[in-house]
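I would like to see how this sequence folds:
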Amino acid sequence: MKFELAVIGSGPAGLSAAIEASKYGVKTVIIDENAKAGGQLF
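Sure, this is the predicted structure:
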């Protein structure tokens, strides 16, 4: 698969960035060292 944007980290900022990019049709992937998203939220 090819992506236009790679977001490093799935904390609040990373998730927000990925959501906003996807609203504009940007093919996005989120890369994080943990299996669950959320970072400091959880």
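
quick one, strands of this structure?
5-8, 28-31 (DSSP state E).

who touches the residue nearest the centre of the chain in this structure?
Ranked by distance to the mean C-alpha position of the chain (CA atoms, centre = their mean), the top residue is Ile30 at 3.6 Å. Under the criterion of CB atoms under 8 Å, 6 or more residues apart in numbering, the contact list for Ile30 reads Val7, Gly9, Ser10, Gly14, Leu15, Ala18, Ala37. C-beta: built from backbone N, CA, C; applies to glycine.

Quick one: the strands of the chain as TSV, columns for distance to Leu41 and mean pLDDT too.
Supplementary listing: those in TSV, determined by distance: least, CB to CB, whole Å; pLDDT from 0 to 100:
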stretch	distance to Leu41	mean pLDDT
strand 5-8	15	97
strand 28-31	14	96
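
Could you measure from the nearest residue to Asn34 once chain neighbours are set aside over to Ala37?
Nearest residue to Asn34, sequence neighbours excluded (CB to CB, 6 or more residues apart in numbering): Ser10, at 7.1 Å. To Ala37, Ser10 is 4 Å away according to CB to CB, to the nearest Å.

Also Val26?
Looking at Val26 against Ala37, where the rule is CB to CB, the gap reads 18 Å.

more crowded one of those two?
Set Val26 next to Ala37 and count neighbours by other CB atoms under 10 Å: Ala37 wins out with 15 against 12.

what number of residues lie near Ala17?
The burial metric for Ala17, expressed as a neighbour count using other CB under 10 Å, is 16.

Can you get me a residue count around Ala18?
Ala18 is surrounded by 20 other residues when neighbours are defined as other CB under 10 Å.

before we move on, what about the one 5 residues further on?
Using other CB under 10 Å as the criterion, Lys23 is surrounded by 8 other residues.

I'm done for today, thanks for sticking with me.
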